[in-house]
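Student: Below is the sequence, then the predicted model.
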Amino acid sequence: MTEVVHSIIRHLINIPIMIISWFVFFFSVETSFFTSSVFSILLYIVSNFAIKKLQQRSIMKKYNLTISEYFHIQKQLKEAKAKIRTLNSHYLKVRSFSSFKQLFDMNRLAKRIISLVKENPRKFYQAENFFYAHLDSAVELTSKYTLLVSQPMKNNDLKIALADTRDTLESMNSIMEDDLKSVLASDIEHLKMELDFAKLSVRKSEQGALYLEGESENERKTSKYK
């Protein structure tokens, strides 16, 4: 269950609690309008915090994570999102379609990896290189490229540097594709196992049906000769 869904659930629970508590404070306890409003808002905040902690503990239990592991992964996700925003800021600075596509592909891969880790925090350990090194390199190289391409004068050294940076960015895209494959590896393996099991079940079912059909035919032949 995603963070957005968790947030929606908290609001769906806490908004009615806040409204009902306001009526209780205002009519039953007979506090003033302002005091009732303050108490109900405070209750909303406390309830929201408590439910959020319960949701976090549920995720930690589901994916067998310690408290330190969970919050470390959340920190890495938050930092990764900030780096993605930096990548997005370079879209209008590139000067060619190929460079734009290169940046688009890099952004898409990074967002996909982050999304998968948000859904399953345990997958962070399959993408540690992405979070600790590859995304940083992608942001740094893209910043360097947009800086070089914005220079009005382009001598041979600058042209060589631009070409090298483009080639390195292309290599970085391939590396991030490998990161995505690593994150998806366990899902693909699980899917293969499920497909193998399904095929085995279908074969057994077909064999059982054929056996019963043959048995029925023998029974008919036996009854015919009696």
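Tutor: Done, it's in. For clarity, every value in this text was computed on a predicted model and none was experimentally measured.

Student: Now do the contacts for Q56.
Tutor: Each residue near Q56 by C-beta atoms under 8 Å, 6 or more residues apart in numbering is listed here: Y70. For every residue, glycine as well, the C-beta is placed using N, CA and C.

Student: Buried ones in the helix or strand hosting it, by neighbour count?
Tutor: For Q56, the element it lies in under DSSP states H and E is helix 33-62. Residues 36, 39-40, 43-44, 47-48, 51, 55-56, 59-60 are the ones in helix 33-62 that count as buried (16 or more other C-beta atoms under 10 Å).

Student: Between all of these, which two are separated the most?
Tutor: Within those, S36 and M60 form the most distant pair, 36.3 Å apart (C-beta to C-beta).

Student: Sticking with D178, tell me its helix or strand.
Tutor: Assigned by DSSP H and E, D178 falls in helix 156-225.

Student: Report the contact partners of L87.
Tutor: Here L87 is in contact with 103, 106-107, 110, 138-139, 142 (criterion: C-beta under 8 Å, 6+ apart).

Student: The same query, at a cut-off of 10 Å, please.
Tutor: Contacts for L87 (C-beta atoms under 10 Å, 6 or more residues apart in numbering) come out as 103-104, 106-107, 110-111, 135, 138-139, 142-143.

Student: next helix or strand past the helix or strand encompassing it?
Tutor: Assigned by DSSP H and E, L87 belongs to helix 67-88. For helix 67-88, the following helix or strand on the C-terminal side (DSSP H and E) is helix 97-119.

Student: average pLDDT for that following helix?
Tutor: The predicted model gives helix 97-119 an average pLDDT of 90.

Student: pull the CA atoms of that helix into PDB?
Tutor: Output of helix 97-119 as PDB, limited to C-alpha atoms (Å, rounded to 0.1, in the frame of the first residue of the first chain):
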ATOM      1  CA  PHE A  97      16.300  16.200 -29.100                       C
ATOM      2  CA  SER A  98      18.700  13.400 -28.400                       C
ATOM      3  CA  SER A  99      19.900  15.100 -25.200                       C
ATOM      4  CA  PHE A 100      16.300  15.700 -24.200                       C
ATOM      5  CA  LYS A 101      15.400  12.000 -24.800                       C
ATOM      6  CA  GLN A 102      18.500  10.900 -22.900                       C
ATOM      7  CA  LEU A 103      17.400  13.000 -19.900                       C
ATOM      8  CA  PHE A 104      13.800  11.800 -20.200                       C
ATOM      9  CA  ASP A 105      14.900   8.100 -20.200                       C
ATOM     10  CA  MET A 106      17.200   8.700 -17.200                       C
ATOM     11  CA  ASN A 107      14.300  10.500 -15.300                       C
ATOM     12  CA  ARG A 108      11.900   7.700 -16.200                       C
ATOM     13  CA  LEU A 109      14.200   5.000 -14.900                       C
ATOM     14  CA  ALA A 110      15.000   6.800 -11.700                       C
ATOM     15  CA  LYS A 111      11.300   7.500 -11.000                       C
ATOM     16  CA  ARG A 112      10.500   3.800 -11.600                       C
ATOM     17  CA  ILE A 113      13.100   2.600  -9.200                       C
ATOM     18  CA  ILE A 114      12.000   5.000  -6.500                       C
ATOM     19  CA  SER A 115       8.400   4.000  -7.000                       C
ATOM     20  CA  LEU A 116       9.200   0.300  -6.600                       C
ATOM     21  CA  VAL A 117      11.200   0.900  -3.400                       C
ATOM     22  CA  LYS A 118       8.300   3.000  -2.000                       C
ATOM     23  CA  GLU A 119       5.900   0.100  -2.600                       C
END
